[in-house]
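> just coords:
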């Protein structure tokens with residue numbers, strides 16, 4: 001494991017943003033770097049890492065193995081306040097787009113749910129036909145059709161899950177802006 005040395009500036013930022021004393025700063029940044037993920041390399045050659053747990057960006061000079069600075073997450077919240085002349089317009093737009101996303105989500109969710117229900121009906125009908133069939137070859141053909149229908153059912157279920165996850169993410173992000 002590579003050991004990094006924090007610059008004076010980085011030590012000050014660590015104390016300021018995390019409340020870590022100067023004598024513990026080196027250990028702290030090395031713990032952060034142990035699990036940090038690479039983000040990008042800046043034009044000046046500095047490398048940026050992100051520590052997801054603390055939602056922190058870490059700028060490193062890889063040549064000297066020095067932590068240049070530790071940045072807090074950049075958010076629009078800090079810039080958006082009621083004193084901003086565009087605040088009402090921005091919040092109204094976000095609310096309008098969230099309502100639009102809600103309508104679209106509901107429409108697509110109902111459509112997929114209906115498709116999934118129709119596939120369930122088809123599976124039930126095929127299962128009934130299989131139970132009534134006496135010929136083993138006919139039963140195996142029907143079973144193959146049931147397997148295809150089950151695959152389609154699972155595929156629609158996956159699409160429903162993705163749709164719900166995407167809408168929940170959109171809703172969380174909109175709520176983050178609206179609760180400034």
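Received, thanks. Quick caveat, the model's predicted, so the values are computed rather than measured.

> only C-alpha atoms from now on, for both contacts and neighbour counts.
Fine.

> how about the residue nearest to residue 13 when sequence neighbours are not counted, what does it touch?
Using C-alpha to C-alpha, 6 or more residues apart in numbering and skipping the chain neighbours, the partner closest in space to residue 13 is residue 70 (6.3 Å). The contact partners of residue 70, taken as C-alpha atoms under 8 Å, 6 or more residues apart in numbering, are 10, 13, 14, 56, 57, 58, 59.

> do the same with residue 16
For residue 16, the set of contacting residues under the criterion of C-alpha under 8 Å, 6+ apart is empty.

> state the helix or strand in which it lies.
Using DSSP states H and E, the element containing residue 16 is helix 8-18.

> quick one: buried residues of that helix?
Along helix 8-18, the positions that meet the burial threshold by neighbour count (16 or more other C-alpha atoms under 10 Å) are 10, 11, 12, 13, 14.

> put together JSON lines for the residues you listed, with distance to residue 161 and pLDDT on each row.
Compiled in JSON lines, the buried residues of helix 8-18 are given as follows (distance: C-alpha to C-alpha, whole Å; pLDDT from 0 to 100):
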{"residue": "10", "distance to residue 161": "42", "pLDDT": "90"}
{"residue": "11", "distance to residue 161": "44", "pLDDT": "90"}
{"residue": "12", "distance to residue 161": "45", "pLDDT": "90"}
{"residue": "13", "distance to residue 161": "41", "pLDDT": "88"}
{"residue": "14", "distance to residue 161": "40", "pLDDT": "87"}
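
> export the residues you listed as CSV, with columns for distance to residue 171.
What follows is the buried residues of helix 8-18, written out as CSV (distance: C-alpha to C-alpha, whole Å):
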residue, distance to residue 171
10, 35
11, 37
12, 36
13, 33
14, 32
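
> just the residues you listed now: which is nearest residue 48?
Residue 48 has its nearest neighbour among those in residue 10, at 13.6 Å by C-alpha to C-alpha.

> distance of the closest one relative to residue 26?
Distance from residue 10 to residue 26, counting by C-alpha to C-alpha, to the nearest Å: 10 Å.

> tell me how far the residue lying closest to residue 59 once chain neighbours are set aside lies from residue 87.
For residue 59, the nearest residue in space outside its immediate sequence neighbours is residue 48; the separation is 4.6 Å by C-alpha to C-alpha, 6+ apart. The spacing between residue 48 and residue 87, counted by C-alpha to C-alpha, is 32 Å.

> more neighbours, those two?
residue 48 (23 against 14; other C-alpha atoms under 10 Å).

> is the more buried one in a helix, a strand, or coil?
Under DSSP: H, G, I helix; E, B strand; the rest coil, residue 48 falls in the strand class.

> please enumerate the strands of the chain.
Per DSSP state E, the chain has strands spanning 5-6, 37-41, 47-51, 56-61, 66-71. These are given in chain order.
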